[in-house]
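Student: Here you go, sequence then predicted model.
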Amino acid sequence: MKYPIIAYGDPVLRRKAGAIEPDEYPNIKQLAEDMFETMYAARGVGLAAPQIGLSMRLFVIDATPFADDEPELENFKKVFINATILEENGEEWAFNEGCLSIPDIREDVYRKATVRLSYYDENWKHYEETFKGLAARVIQHEYDHIDGKLFTDKLSPLRRRLIEKKLTDISKGIVDVEYRMKFPAVKKGR
Ligand SMILES: [Zn+2]
């Protein structure tokens, strides 16, 4: 099942999401599958639960489209539940990021090179793992979502001013987008 993707401006994207208890959410595998389906339809490489309106510490990633640049990302498809960043290291580097909740905007964002993470997969198996390169980048972006942060928060005040009008337009649904979205400033029934 595909979900509509929540657009910039919705308060759910700003909430720090809560941890998930295994018995509280027995259908987590199905939910993760639905999130992959939603993400693939929108041609994304990552999707976090707040982006479908669920304030939960869950995100999914499939970085396979980046395998041209980093061959080890072929089939890099993972579910991250209750992720916690243990440490981030290395020099900050710029990458041109986009976000399914903020269509049509791409900006260079600086983040550290490696990230060490504690998380569970969809079978509640626990991992502590270090990621680098574009895998780290996508994880850091999605992790921000479960903490209520967006990549536009990381831009310089000047860059932010330049895209402000576009962001407001997105929240009103004034944007060309090929996947289904839910816009906070659009009344129901329109
Ligand atoms: Zn995003």
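Tutor: That came through, no problem.
Student: With adjacent residues omitted, what lies nearest to residue 91?
Tutor: Spatial nearest neighbour of residue 91, excluding adjacent residues (C-beta to C-beta, 6 or more residues apart in numbering): residue 113 at 5.8 Å. Heads up, the C-betas are built off the backbone N, CA and C, glycines and all.
Student: In this structure the one you found contacts residue 136, no?
Tutor: Yes - under the criterion of C-beta atoms under 8 Å, residue 113 makes contact with residue 136 at 6.7 Å.
Student: Between these two, which is the more surrounded one?
Tutor: When neighbours are counted by other C-beta atoms under 10 Å, residue 113 and residue 136 differ, and residue 136 comes out ahead with 22 against 15.
Student: how about the more buried one, what does it touch?
Tutor: 111, 112, 113, 114, 115 (C-beta atoms under 8 Å, 6 or more residues apart in numbering).
Student: Please identify the helix or strand for it.
Tutor: Assigned by DSSP states H and E, residue 136 belongs to helix 133-146.
Student: residue ranges with poor pLDDT in the chain?
Tutor: Scanning the chain for pLDDT under 70 picks out the ranges 187-190.
Student: Now do the strands in it.
Tutor: For the chain, the strands defined by DSSP state E cover 5-6, 46-48, 58-62, 77-89, 93-97, 107-111, 114-120, 126-132, 181-182.
Student: These into JSON lines, with extra columns for distance to residue 172 and mean neighbour count?
Tutor: Below are the strands of the chain laid out as JSON lines (distance: least, C-beta to C-beta, whole Å; neighbours: other C-beta atoms under 10 Å):
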{"stretch": "strand 5-6", "distance to residue 172": "14", "mean neighbour count": "22"}
{"stretch": "strand 46-48", "distance to residue 172": "23", "mean neighbour count": "27"}
{"stretch": "strand 58-62", "distance to residue 172": "26", "mean neighbour count": "26"}
{"stretch": "strand 77-89", "distance to residue 172": "32", "mean neighbour count": "17"}
{"stretch": "strand 93-97", "distance to residue 172": "23", "mean neighbour count": "14"}
{"stretch": "strand 107-111", "distance to residue 172": "20", "mean neighbour count": "17"}
{"stretch": "strand 114-120", "distance to residue 172": "34", "mean neighbour count": "19"}
{"stretch": "strand 126-132", "distance to residue 172": "36", "mean neighbour count": "13"}
{"stretch": "strand 181-182", "distance to residue 172": "12", "mean neighbour count": "19"}
